[in-house]
Structures are given as structure tokens and as C-alpha cells.
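Quick one, structure for this:
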Amino acid sequence: MHELGITQNIVAIAAEYANGQPVKRVTLEVGKLTAILPDAIRFCFDVCCQGTVLAGARLEIIEKPGLATCQQCGATVPLDYPFGVCDCGCQQLQIIQGEELSIKELETEEVCV
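Just a heads-up that it's a prediction; the model follows:
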């Protein structure tokens, strides 16, 4: 399960950007064509957050559908896999969405001292 390593990296990056402030929420964008299972990321998230500023943070995942542009007719083609066929029969597609894996938002707690 490569999602454990990916989740560890997500937590490390988010912790770095939090600058020591407790994190309340992390929002990820995960493309459908990445071969990353959002449920596996959710499963690993709480464990990876233990002992960090992300402990107790809520994870939100926005799943981005796969989309491509047909190189022959220019149509936008929805994709479930990193390959496909346009309605015009062309198999030469340029992927334009669905390969993302990014931290979209990071909500921290402002600590008053």
C-alpha cells in the first residue's frame, strides 16, 4: 500500500507549512487517474498525524475526475483510466485533469498567548 508513504509525506508537508500551529483541517485534491485510493489515504491519515501538529485534524478529499482533450476533434473526453477513446474514434488524447495530488487548503488554529 503506497498510500501510507504518500500520507506520511502529506502530513510532513502540511506540518511544515503550519509553522507549529495546530492544524484543524487539511483539504487534498486527488485525481482519479493517479492510482491513489482516497479511502486508503483516509485510513492512514489519523495514524500518520499522531504526535504532530496535525493530531486530530479533519481530512477532506476532493476527487477530481479524469478529463482529456481529443487530439483529432478537440472534444473533452471523460476518463476513468489514463487512456480512452473519443466519440470520434480517436485514441490520441491529451490528459488535462485527473493526475493531481495536492494539498489544496490547510486550516490552522490561531493560538492566542
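
Need phi/psi at the residue nearest to the spatial centre of the chain.
Of all residues in the chain, the one closest to the mean position by C-alpha atoms, centre = their mean is Val30, 2.6 Å from it. Note on Val30: backbone dihedrals following degrees, to the nearest 10 are phi -130, psi 120.

Quick one: residues contacting it.
Shown here is Val30, whose contacts under the criterion C-beta atoms under 8 Å, 6 or more residues apart in numbering are 36, 38, 41, 61-64, 100-101. C-beta coordinates here come from the backbone N, C-alpha and C atoms, glycine included.

can we see that at 7 Å?
By C-beta atoms under 7 Å, 6 or more residues apart in numbering, the residues touching Val30 are 36, 38, 61, 63-64, 100-101.

helix, strand or coil for Ile62?
Assigned with DSSP: H, G, I helix; E, B strand; the rest coil, Ile62 falls in the strand class.

From Cys86, how far out is it?
Between Ile62 and Cys86 the distance, using C-beta to C-beta, to the nearest Å, works out to 26 Å.

picking that back up, kindly state the beta-bridge partners for the residue nearest to the centre of the chain.
Counting by DSSP bridges, Val30 forms beta bridges with Glu63, Leu101.

now it: how far from Cys73?
Shown here: Val30 relative to Cys73, a distance of 29 Å by C-beta to C-beta.

Are we agreed that Ile13 is in a helix?
Yes. Under three-state DSSP, Ile13 falls within a helix.

which residues does the closest residue to it other than its chain neighbours contact?
Distance criterion C-beta to C-beta, 6 or more residues apart in numbering; nearest residue to Ile13, sequence neighbours excluded, is Ile103 at 6.3 Å. Counting by C-beta under 7 Å, 6+ apart, Ile103 makes contact with 10, 13-14, 26, 28.

Please identify which helix or strand holds Ile103.
In this assignment (DSSP states H and E), Ile103 forms part of strand 101-108.

how about the CA coordinates for that strand, as PDB?
Once non-C-alpha atoms are left out, strand 101-108 reads as follows in PDB (Å, rounded to 0.1, in the frame of the first residue of the first chain):
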ATOM      1  CA  LEU A 101      -2.300  15.200  -5.900                       C
ATOM      2  CA  SER A 102      -2.100  18.400  -3.900                       C
ATOM      3  CA  ILE A 103      -2.800  20.000  -0.600                       C
ATOM      4  CA  LYS A 104      -5.500  22.500  -1.600                       C
ATOM      5  CA  GLU A 105      -6.100  24.000   1.900                       C
ATOM      6  CA  LEU A 106      -4.700  24.000   5.300                       C
ATOM      7  CA  GLU A 107      -6.700  25.400   8.200                       C
ATOM      8  CA  THR A 108      -4.800  26.100  11.400                       C
END
